[in-house]
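Undergrad: whatever this is, show me its structure:
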Amino acid sequence: MKTRWMLLMVSLSCGVAGESRGDDRPNVLFIAVDDLNHWVGYLGRNAQTITPNIDRLAARGVRFTRSYCAAPVCNPSRAAVLSGMRPSTTGVYDNNNDWRTAIPADLTLPTAFRKAGYHVAGAGKIYHEAYARRSEWDDYLANPGKDPLPTGDTGVGGIKFAPLDCKDEDLREWKIVQYGLDELGKAHDRPFFLAIGLHKPHMPWNVPKKYYDRHPLDSIQLPPHRGDDLADVPPAGVKMARPEGDHKAMLDSGRWKEAVQGYLAAISYCDAMIGRLLDGLDRSAYGKNTIVVFWGDHGWHLGEKQHWRKFALWEEATRAPLIWVVPGVTRAGSVCDRTVDFMSIYPTLTTLCGLPVPSHVEGTSLVPLLKDPGTPWDRPALTTYRHKNHAVRSEGWRYIRYENGDEELYDETSDPYEWTNLAADPAYASRKAELARSMPVSNHADIGPAREKGVAKGASAAAAAK
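TA: Residues are numbered from 1 along each chain as shown. Sure thing, here's the model as predicted:
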């Protein structure tokens, strides 16, 4: 294994400096953030966001400007990244699916690293926590505790937000990051795969008041939106938007700006925790031999297209940050404008660490783009929400096709907020056909709601892996 790693590094024309130990393969710091959309400083989508620590991480390596989730829902997004298989392959489409019944433990990313001799540890939300399988980890912080509750108003309907009268360390994120700092402070005699999963900015957006104060309410700007934005969206898209649900409640309450403030505050708190983790990595013995991959599990709407939450196939719900820092491979300050999705994370990590890429993995390694972000790349991103609803995103276009045949097509260059649906225009028929070629040929049925916790294997993904 060590010989394979040395040969790989020669092929990549890099010499990664490692800490003093017998096995000099790189470590991995795998950072997953829940419900973090593209409101981070370096992407420029929202000038109100304050993310100095995420931005300094982005400045260290390659930041992707067009990176997309496999599914705009926590459970299937994470199951796809960590199994290497798309929702259309496994049938894991929603939060009520127990992915363990469809994805055997021996196919997952943590297992691949354990088999290769890595110490595999984690804390926080890596998989969807309701179905976390502890057997894949050498060590895992199973219970970081609960967050304090607000004493007054808690938001608008299901959109929960409130400032807290507490300290940073009173939230579970502090304990999750502290677990990572403790691992980084240990003397490891073999390489490690360390996964840290932060919940914020997942709702409720309840964080210490000082983070709300960084985003004064009188300065809050609503995201770009149009009152008639759903006029040219087909029925299947309007059904996903649910304008009579969260959005109507928000308009009726008159508190839209307060909700935006809450989300921005939660992002700022998350960013502070990322800063703690990066400082710990820099202080440790492993900073020069640790690959860092940072990703958000999907995007989030805050009233765009009269929609809130994820659960949709537009840009706001599907775009999320992706940052890679790979000692000896990436160059500081690199920007990649190629369109990628998070199915690439599994094969990129295994390739960089000299592990074989399992045959069941559906994504493509990003190593060529990490070495040269301008490398030609003709693979669009694919996002799936529930059975047979897909969005294909190229550098210039988004094409959505729903299970019932409804369509949307957006020119992302001239229409970045997706206000004009071009799907019905015959002039774009060839464009739609071109993008449709990237949609799945086979769509596994939804595996159904979870019935029993602890079920470790199922037939669907095992068959797909053969």
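
Undergrad: show me the shaky parts of this protein.
TA: For the chain, the stretches with pLDDT under 70 are 1-22, 452-466.

Undergrad: same thing but at 80, please
TA: Within the chain, the set of residues satisfying pLDDT under 80 comprises 1-22, 130-132, 451-466.

Undergrad: and stretch 286-303, which residues are buried?
TA: 286-287, 289-303 (16 or more other CB atoms under 10 Å). All C-beta spots, glycine's among them, are computed from the backbone N, C-alpha and C.

Undergrad: quick one: contacts for residue 124?
TA: Going by CB atoms under 8 Å, 6 or more residues apart in numbering, residue 124 touches 32, 141, 144, 172, 173, 176, 179, 196, 197, 198, 199.

Undergrad: what is the burial count for residue 413?
TA: Around residue 413 there are 9 other residues, counting by other CB atoms under 10 Å.

Undergrad: so it is in contact with residue 396, correct?
TA: Yes - judged on CB atoms under 8 Å, residue 413 makes contact with residue 396 at a distance of 5.2 Å.

Undergrad: residue 144 and residue 180 touch, don't they?
TA: No - Residue 144 lies out of contact with residue 180 (CB under 8 Å); the separation is 11.3 Å.

Undergrad: and the two? Which one has more around it.
TA: Legend: neighbour count by other CB under 10 Å for residue 144 and residue 180, higher for residue 180 (25 against 20).

Undergrad: chain center to stretch 71-89, what's the gap?
TA: The chain centroid and the centroid of stretch 71-89 are separated by 10 Å, computed with CA atoms, centre = their mean, to the nearest Å.

Undergrad: out of the contacts of residue 124, which is nearest to residue 384?
TA: residue 32 (19.0 Å; CB to CB).

Undergrad: so the closest one, which state does it fall into?
TA: Look at residue 32: counting by DSSP: H, G, I helix; E, B strand; the rest coil, its state is strand.

Undergrad: which residues touch it?
TA: With CB under 8 Å, 6+ apart, residue 32 has these contacts: 78, 124, 125, 126, 195, 196, 197, 198, 295, 296, 297.

Undergrad: so the first one is in which element?
TA: It refers to residue 78. Using DSSP states H and E, residue 78 falls within helix 74-83.

Undergrad: follow-up on the earlier one: using a markdown table, lay out the contacts of residue 32 together with secondary structure and distance to residue 258.
TA: What follows is the contacts of residue 32, written out as a markdown table (DSSP: H, G, I helix; E, B strand; the rest coil; distance: CB to CB, whole Å):
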| residue | secondary structure | distance to residue 258 |
| --- | --- | --- |
| 78 | helix | 30 |
| 124 | strand | 27 |
| 125 | coil | 26 |
| 126 | coil | 31 |
| 195 | strand | 34 |
| 196 | strand | 30 |
| 197 | strand | 27 |
| 198 | strand | 23 |
| 295 | strand | 28 |
| 296 | strand | 23 |
| 297 | coil | 25 |
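
Undergrad: tell me the two of the residues you listed that are most distant?
TA: Most distant of these, by CB to CB, are 195 and 296, 14.5 Å apart.

Undergrad: for the nearest residue to residue 36 once chain neighbours are set aside, list the residues it contacts.
TA: Of all residues not flanking residue 36 in the chain, residue 296 sits nearest, at 3.5 Å (CB to CB, 6 or more residues apart in numbering). Residues near residue 296 by CB under 8 Å, 6+ apart: 32, 33, 34, 35, 36, 37, 69, 320, 321.

Undergrad: how near is the third one to residue 231?
TA: From residue 34 across to residue 231, the span is 33 Å (CB to CB, to the nearest Å).

Undergrad: looking at these two, which has the bigger crowd around it?
TA: With neighbours defined as other CB under 10 Å, residue 34 and residue 231 compare such that residue 34 has more, 23 against 10.

Undergrad: contact partners for the nearest residue to that one once chain neighbours are set aside?
TA: Counting by CB to CB, 6+ apart, residue 202 is the residue found nearest to residue 34 once chain neighbours are left out, at 4.0 Å. Contact analysis of residue 202 by CB under 8 Å, 6+ apart lists 34, 35, 74, 125, 266.

Undergrad: how about the second one: what's its closest non-neighbour residue?
TA: Using CB to CB, 6+ apart and skipping residues adjacent in sequence, the residue nearest residue 35 is residue 202, 4.3 Å away.

Undergrad: where does residue 169 land in three-state SS?
TA: Under three-state DSSP, residue 169 falls in the helix class.

Undergrad: ok now the helix ranked longest in the chain, how far from the chain's centre?
TA: Using DSSP state H to define each element, the chain has its longest helix at helix 256-283. Distance of helix 256-283 from the chain centroid (CA atoms, centre = their mean) equals 16 Å.

Undergrad: which of the residues in that helix are classified as buried?
TA: Across helix 256-283, burial judged by 16+ other CB under 10 Å covers 256-278, 280-281.

Undergrad: just to revisit the earlier point, most neighbours out of the contacts of residue 296, which is it?
TA: Counting by other CB under 10 Å, top hit in the contacts of residue 296: residue 69 with 31 neighbours.

Undergrad: quick check: that one touching residue 312?
TA: No - with contact defined as CB under 8 Å, residue 69 does not reach residue 312; the gap is 11.5 Å.

Undergrad: quick one on the thing from earlier: out of the contacts of residue 124, which is nearest to residue 351?
TA: residue 32 (19.6 Å).

Undergrad: just the element for the closest residue to residue 43 other than its chain neighbours, please.
TA: Using CB to CB, 6+ apart and skipping the chain neighbours, the partner closest in space to residue 43 is residue 65 (6.4 Å). Counting by DSSP H and E, the element that carries residue 65 is strand 62-68.

Undergrad: and that strand, what other elements does it pack with?
TA: Using 3 or more CB pairs under 8 Å, 6 or more residues apart in numbering; DSSP states H and E, the elements in contact with strand 62-68 are strand 322-325, strand 334-341, strand 381-384.

Undergrad: go again with 6 Å.
TA: On a contact count with 3 or more CB pairs under 6 Å, 6 or more residues apart in numbering; DSSP states H and E, strand 62-68 meets strand 322-325, strand 334-341.

Undergrad: tell me which of those sits most buried.
TA: Using mean count of other CB atoms under 10 Å, the stretch among the helices and strands packed on strand 62-68 with the largest mean neighbour count is strand 322-325, at a mean of 25.
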